[in-house]
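Engineer: got a structure for you, letters missing:
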């Protein structure tokens, strides 16, 4: 299966999602439920466009080398510096082909086989976290369960399941407090204080990642809370209309963190060249969400492998043409803003 075949197979299988040739937010706009962004729908579009505005600085006067795309993170080695991002409420947003449990049962082992890892989503149905953690446990802990900011008792229950999976890290998408379809539900979801997050980070027992950081101030609070990693993310534009694009704020957040935590970024990253740009601007790794949904719906495990190898080949090609033999060699002077 190649990528064009994957897209063709996904079309008509994903509810309101069109499986566009390029997932840039324009076709789905403000379509929620569905894969769109909140309100005007422009934040997802600007996420994508911001990476397009970053230019690569080509330099081919160097030793000939085979790029080393491997990432060392939290005691594990990954083939590439990107991960499948967490997605939930599959039936609500992508039609009835898969529920969350089905989706994670495909995504988690397929990502592990491809040499990367999946962040898994969460939901009001307890079976979502049960299924996600079971899939992670069955794959040697090769996955990152992502808990939503529920009330403290619910968070504690879900974190206990996550720890039992043997996961190598655990995440919370703190920005999910703003998801319109999570408002006024049971269990309740909402914001957390630094003190509450300190307790959660302590109880995690593994590196704790906070997803949904969009300011230097927020990054500082995440570090104070004990986060071992943060994800610069506006939830694909699904929580706050008129929010900045993730590329726009990444450099200032990297500067604020100053190496005290790992920095991930998501939002509109669609090619291996985009992955390179994110690393050049200071990220340690990236998350890619919507394209992995298309990969699962279009080709199952084979689709996940196809997308992963496509992104990896694009990253290696960019490294070769910009003179970066390893991920550590990727530097700010290799891109132009």
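Structural biologist: Nice, thanks for sending it over. Just so it is clear, the structure is predicted and the values come from calculations on it, not from any experiment.
Engineer: From now on I want contacts and neighbour counts done on CA atoms only, so please keep to that.
Structural biologist: Fine.
Engineer: wait, residue 172 sits on residue 209?
Structural biologist: Yes - contact criterion CA atoms under 8 Å: residue 172 and residue 209 qualify, at 6.4 Å.
Engineer: Quickly find the element holding the closest residue to residue 131 other than its chain neighbours.
Structural biologist: Leaving out its chain neighbours, the residue that sits closest to residue 131 by CA to CA, 6 or more residues apart in numbering is residue 101, at 5.3 Å. Counting by DSSP states H and E, the element that carries residue 101 is helix 100-113.
Engineer: how distant is that helix from the center of its chain?
Structural biologist: Helix 100-113 has its C-alpha centroid displaced from the chain centroid by 15 Å (CA atoms, centre = their mean, to the nearest Å).
Engineer: immediately after that helix, which helix or strand?
Structural biologist: Note on helix 100-113: by DSSP H and E, the next helix or strand toward the C-terminus is strand 118-120.
Engineer: quick one: contacts of that next one?
Structural biologist: 83-88, 104, 107-108, 111-112, 132, 142-146 (CA atoms under 8 Å, 6 or more residues apart in numbering).
Engineer: repeat for stretch 53-71
Structural biologist: Identification of contacts with stretch 53-71 by CA under 8 Å, 6+ apart yields 77-81, 277, 312, 315-316, 319-327, 333-337.
Engineer: re the thing from before, just the ones in strands from the contacts of strand 118-120, please.
Structural biologist: Counting by DSSP state E, these place 83-84, 143-146 in strands.
Engineer: can you tell me which of the contacts of stretch 53-71 are in strands?
Structural biologist: With strands taken from DSSP E, the overlap with the contacts of stretch 53-71 comprises 77-78, 335-336.
Engineer: The contacts of stretch 53-71, buried ones only, as a PyMOL selection?
Structural biologist: The following PyMOL line selects those of these that are buried, judged by 16 or more other CA atoms under 10 Å:
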select buried, resi 78+79+80+81+277+312+315+316+319+320+321+322+323+324+325+326+327+334+335
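Engineer: picking up where we left off before, show me what the helix holding residue 101 is packed up against.
Structural biologist: helix 90-94, strand 118-120, helix 126-138, helix 290-322 (3 or more CA pairs under 8 Å, 6 or more residues apart in numbering; DSSP states H and E).
Engineer: Now do the shortest one: distance to the chain's middle.
Structural biologist: Which is strand 118-120. Per CA atoms, centre = their mean, the centroid offset for strand 118-120 relative to its chain is 8 Å.
Engineer: try the last one
Structural biologist: Averaged C-alpha coordinates place helix 290-322 at 14 Å from its chain's average position (CA atoms, centre = their mean).
Engineer: and the angle for it with helix 100-113?
Structural biologist: 20 degrees (axes from the mean of the first three to the mean of the last three CA atoms, to 10 degrees).
Engineer: what packs against helix 290-322?
Structural biologist: Short answer (3+ CA pairs under 8 Å, 6+ apart): helix 290-322 packs on helix 3-10, helix 100-113, helix 272-280.
Engineer: Report the angle between that helix and helix 3-10.
Structural biologist: Using the same axes, to 10 degrees: helix 290-322 against helix 3-10 is 170 degrees.
Engineer: quick one, helix 290-322 and helix 272-280 angle?
Structural biologist: Angle, helix 290-322 to helix 272-280, by the same axes, to 10 degrees: 70 degrees.
Engineer: how about helix 290-322: buried residues?
Structural biologist: By neighbour count with 16+ other CA under 10 Å, helix 290-322 contains the buried residues 290-309, 311-322.
Engineer: tell me the residue furthest from the middle of this protein?
Structural biologist: What lies farthest from the middle of the chain is residue 61; by CA atoms, centre = their mean that is 34.0 Å.
Engineer: so how far is the first residue of stretch 159-169 from its last?
Structural biologist: One end of stretch 159-169 sits 11 Å from the other (CA to CA, to the nearest Å).
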